[in-house]
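> Model the following, please.
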Amino acid sequence: MKKIIYLLVAVLFVVMMAFVAPREQSSVAHVDTDYILKKIPAYQDAQKELESLAQQYRDDINAHIHEVDSLFRVYQENEVLMTPEMKNRMKKQIMEKDKQVKELQKKYFGPDGLLAKKREELMKPIMDNVYNAIKEIAEQSHLDYVFDKSTGEILYANPALDRSDVVLKKLGY
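Next up is the predicted model:
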């Protein structure tokens, strides 16, 4: 009787194990890119260069703003003495200078401005090195995902775990 119970328990155990699929665990790690970048001298040098350039741009813009302000003060002080034609000409001149300031701001600080281009030029090689190092470490350590602690972004995802095509197939595409 004991043998039958042991045999029944063993068979039940084997059957249960057959239905419970073993799950692979994903291995996840995180890095702090802010911390990493602060330790890289080339990054610090690039930051200093960008800040210096940004200050030059701000100074240039401030000089133009000062010019617009001066023209406006002259206009206000002399408005009563001006003819309508002189007023219109002065207003146009002030508006044109103000427009130039806005264009200069866009040229320097816009999304495609000189500062953004310089940032891309200086930072891209550094960031590429960091991301390549993260990828190499992830692959060597058999990590599935690496997150950036400072931004929450996924810096590395094991391409073997990508199920995008399975989802598309399920959707009929």
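
> Low-confidence regions, the chain specifically.
Applying pLDDT under 70 to the chain picks out residues 1-24.

> residue nearest the centroid of it?
residue 151 (8.7 Å; C-alpha atoms, centre = their mean).

> three-state assignment of it?
coil (DSSP: H, G, I helix; E, B strand; the rest coil).

> Leaving out the residues flanking it, which one is nearest to it?
Among residues not flanking residue 151 along the chain, residue 33 sits closest, at 7.0 Å (C-beta to C-beta, 6 or more residues apart in numbering). No exception for glycine: its C-beta is placed from N, CA and C like everyone else's.

> residues contacting that neighbour?
For residue 33, the contact set (C-beta atoms under 8 Å, 6 or more residues apart in numbering) comprises 130, 148-151, 155.

> hmm, try it at 7 Å
Going by C-beta atoms under 7 Å, 6 or more residues apart in numbering, residue 33 touches 130, 148, 150-151.

> Report the buried members of those.
130, 148 (16 or more other C-beta atoms under 10 Å).

> any idea which of the contacts of residue 33 is closest to residue 166?
residue 148 (26.8 Å; C-beta to C-beta).

> one step back: next, format the contacts of residue 33 as a markdown table and append distance to residue 160.
Shown next, in a markdown table, are those (distance: C-beta to C-beta, whole Å):
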| residue | distance to residue 160 |
| --- | --- |
| 130 | 23 |
| 148 | 21 |
| 150 | 27 |
| 151 | 24 |
